[in-house]
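**Student:** the following comprises the amino acid sequence and a computationally predicted model.
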Amino acid sequence: MCVVSAICSQFPDYAMVLISAAEGVTETTRQHFHLAFTLKGAVIVIVTKIDLIDEENLFKIRDQVKTLLKGPSISRLNIVCKDCEDVTTAAKSFGENIVPILFISTRPDKA
């Protein structure tokens, strides 16, 4: 509870929700989503370690994130960033009810 109190007392401008592709969307992920959106700042979703799973599971995680963002308590649009153009579009509308979703890997051939 101390961590939540410390975060809330700082009025952050944005939050980054990190999701390990190896673990997928968990209950902790859901809690972090709700906390991030309760703070009323801009949110970025980053799915890490995509080199550890196959494409089918990656699409499953993407769909789970999109479902969370469409939920009644969050209700935000998203941009799945696949290239530099998508990142630029997301940056221009950052914080305007749009959540960028980025997929990253330590392997250049997978990102």
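**Tutor:** Structure's in. What do you need? Remember, predicted model here, so these are calculated numbers, not experimental data.

**Student:** shaky segments in the chain?
**Tutor:** 1-11, 96, 108-111 (pLDDT under 70).

**Student:** so where do the strands sit in it?
**Tutor:** 14-20, 42-48, 77-81, 98-103 (DSSP state E).

**Student:** save the ones you listed as CSV, and put in mean neighbour count and distance to K66 too.
**Tutor:** The C-beta positions use only the backbone N, C-alpha and C, and glycine is treated the same way. Converted to CSV, the strands of the chain look like this (neighbours: other CB atoms under 10 Å; distance: least, CB to CB, whole Å):
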stretch, mean neighbour count, distance to K66
strand 14-20, 16, 12
strand 42-48, 20, 10
strand 77-81, 17, 6
strand 98-103, 20, 8
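
**Student:** who wins for proximity to A90 among those strands?
**Tutor:** strand 98-103 (3.6 Å; CB to CB).

**Student:** and the contacts of that closest one?
**Tutor:** For strand 98-103, the external contacting residues (CB atoms under 8 Å, 6 or more residues apart in numbering) are 21, 42-47, 50, 58, 62, 65-66, 69, 76-81, 86-87, 90-91, 94, 111.

**Student:** swap the cut-off to 7 Å and go again
**Tutor:** The contact list for strand 98-103 (CB atoms under 7 Å, 6 or more residues apart in numbering) reads 43-47, 50, 65, 69, 76-81, 90.

**Student:** of the residues you listed, which is the nearest to V17?
**Tutor:** Among the contacts of strand 98-103, and counting by CB to CB, the member closest to V17 is V45, at 5.1 Å.
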